[in-house]
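A.B. asks: Here is my input; please provide its structure:
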Amino acid sequence: NFKCVRFLNMQHFTDSTSLVDNGPALAERMARDGYLFIRGLVPKASVGNVGRQFLEVAAEGGWLLPDQPLEARVANPDAVCADPEPAFLEVFRRFYCRQDTHALKHHPAIVGLFERMFGEEVLVHPLFVARNIFPQKQALTTRPHQDFIHIQGTVETMTVWLPLQDCAEEMGGLAVAEGSHRQGVHEFTVASGAGGVEITEPFEGAWRCGDFKLGDALIFHSMTVHKGLDNKTDRLRHSIDARYQRAGEPISTVSMAAYSGCGDWDEIYADWQSDDLKFYWRAQKPDIQPFDFQYYDHRDAIAFDMAERGDATARATLLRIVQRDPREEKRDRATAALALLDA
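C.D. replies: Prediction:
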């Protein structure tokens, strides 16, 4: 292992496909590396169906060039936007509310893997995240971070990162720092792009990355340091992040809610054709714990200081505070800071 200060000499993922039916071996590999890379975990047809729907929504929202075939995925450079901007969420919620989008995270191939790996009942997190990554916008590339500060609940939460199309490295996939899940929460600062934070202190772990085919999955621990790669193509990259844990361990209030800006569960379910997955978690009676705002308060203090200095990097964090923080005083302060930046 070496200090991951820069992202040089990346190595390919260790392939764990041969272990997919061996729960104890999967658990051992996860404990060692902090991630699993599985080829063809989910059938291509299931992933491709959801990917096609995301493309259709992107086209309707003006994110694709209208004179190019849908399958070409060629981005409209005049439509660049990112979460949590209102222009992004207006389009994104149309995809997030679709039944097939939510059904994908319940695919038996995924849930079955975790049942074998955990050796007990699995809780599929109600909250999941989907990403639309515009090309040639390196400033919006997801910086190195850990998911735990956003998820909380049990540390033993696992994320499945599933690209919704073939995804070569040049299209901006994901890289993980092998073994970095054993080192606690790292100091961070505010950043643009998905996640909204960037680790600022050195940490141990060799960077791993690779090409993805439709149906391949990258699974990683909530404490594993990971980052996006720059999308160097002219195409949109779509992916989802779904999360899983043992049913008997605690889950935070944040992970029980729908994605911010997409409505509540009743609004999301409004046009579904069946009730099978609606409020599915109630039967499991999860141990729901309050969300600890200590990490967000630290992030927000940095953002307020940046805004006072006129640093526009704080903008995404300020928008998140306005949209998502339950405390009125902090939302008012963020609104004022945004006005100052805009001025």
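A.B. asks: Report pLDDT for Q138.
C.D. replies: Looking at Q138, its pLDDT is 89.
A.B. asks: Over to A343?
C.D. replies: Reported pLDDT for A343: 83.
A.B. asks: burial measure for it, as a count.
C.D. replies: By other C-beta atoms under 10 Å, 6 other residues sit near A343. (Each C-beta comes from the backbone N, C-alpha and C, glycine too.)
A.B. asks: separation between the nearest residue to F128 once chain neighbours are set aside and A336?
C.D. replies: Leaving aside its sequence neighbours, F128 sits nearest to A242 (C-beta to C-beta, 6 or more residues apart in numbering; 4.5 Å). Remark: distance between A242 and A336 (C-beta to C-beta, to the nearest Å) = 36 Å.
A.B. asks: Ok, F188 next?
C.D. replies: Distance from F188 to A336, by C-beta to C-beta: 24 Å.
A.B. asks: In terms of neighbours, single out the busier of those two.
C.D. replies: More crowded of F188 and A336, by other C-beta under 10 Å: F188, with 22 against 13.
A.B. asks: OK, contacts around that one?
C.D. replies: H145, I149, V197, E198, I199, T200, R299 (C-beta atoms under 8 Å, 6 or more residues apart in numbering).
A.B. asks: E120 now?
C.D. replies: R246, A247, G248.
A.B. asks: Dihedrals phi and psi, the second one?
C.D. replies: The one in question is A247. phi -60, psi -30 (degrees, to the nearest 10).
A.B. asks: Look at it and say how many residues are nearby.
C.D. replies: A247, neighbours per other C-beta under 10 Å, totals 17.
A.B. asks: just the last one next, same as before
C.D. replies: Other residues lying near G248 total 14 when counted by other C-beta under 10 Å.
A.B. asks: Just say helix, strand or coil for it.
C.D. replies: Assigned with DSSP: H, G, I helix; E, B strand; the rest coil, G248 falls in the coil class.
A.B. asks: Which of the three states applies to the residue lying closest to F304 once chain neighbours are set aside?
C.D. replies: Closest residue to F304 apart from its sequence neighbours, by C-beta to C-beta, 6+ apart: A337 at 6.0 Å. Three-state call for A337 (three-state DSSP): helix.
A.B. asks: for A337, what are its contacts?
C.D. replies: A303, F304, A307, E308, A314, L318.
A.B. asks: follow-up on the earlier one: is it fair to say the residue nearest to F128 lies in a helix?
C.D. replies: No. Counting by three-state DSSP, A242 falls outside a helix, being strand.
A.B. asks: so it makes contact with L127?
C.D. replies: No. Using C-beta atoms under 8 Å, A242 is not in contact with L127; the gap is 9.1 Å.
A.B. asks: what about those two, which has more around it?
C.D. replies: Ranked by neighbour count (other C-beta under 10 Å), A242 and L127 place A242 first, with 23 against 18.
A.B. asks: ok, so what distance separates that one from Q11?
C.D. replies: 26 Å.
A.B. asks: where does this protein dip in pLDDT?
C.D. replies: The model of the chain has pLDDT under 70 over residues 1-9.
A.B. asks: still on that earlier bit, helices - which of the contacts of A337 land there?
C.D. replies: A303, F304, A307, E308, L318 (DSSP state H).
A.B. asks: Which two of these have the greatest separation?
C.D. replies: Largest separation among those by C-beta to C-beta: E308 and L318, giving 11.4 Å.
A.B. asks: of those two, who's got more company?
C.D. replies: Neighbour count, other C-beta under 10 Å: between E308 and L318, L318 has more, with 27 against 12.
A.B. asks: For D305, see how far away that one is.
C.D. replies: Taking C-beta to C-beta, one finds L318 at 12 Å from D305.
A.B. asks: now swap in F118 and tell me
C.D. replies: 42 Å.
A.B. asks: who's more crowded, those two?
C.D. replies: F118 (21 against 13).
A.B. asks: quick one: contacts for the residue nearest to the more buried one when sequence neighbours are not counted?
C.D. replies: Distances taken as C-beta to C-beta, 6+ apart put R246 closest to F118, at 5.0 Å, once the chain neighbours are dropped. By C-beta under 8 Å, 6+ apart, the contact set of R246 is F118, E120, E121, V122, L123, T154, E156.
A.B. asks: Now render these as a markdown table, adding secondary structure and distance to V74.
C.D. replies: What follows is these, written out as a markdown table (DSSP: H, G, I helix; E, B strand; the rest coil; distance: C-beta to C-beta, whole Å):
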| residue | secondary structure | distance to V74 |
| --- | --- | --- |
| F118 | helix | 41 |
| E120 | coil | 45 |
| E121 | coil | 44 |
| V122 | strand | 38 |
| L123 | strand | 39 |
| T154 | coil | 41 |
| E156 | coil | 41 |
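A.B. asks: Going by distance to G228, which of these wins?
C.D. replies: So of the contacts of R246, ranked by how close each gets to G228 (C-beta to C-beta), first place is E156, at 23.9 Å.
A.B. asks: quick one on the thing from earlier: write the PyMOL selection for whichever of the contacts of R246 are buried.
C.D. replies: Applied in PyMOL, the following selects the buried portion of these according to 16 or more other C-beta atoms under 10 Å:
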select buried, resi 118+122+123+154
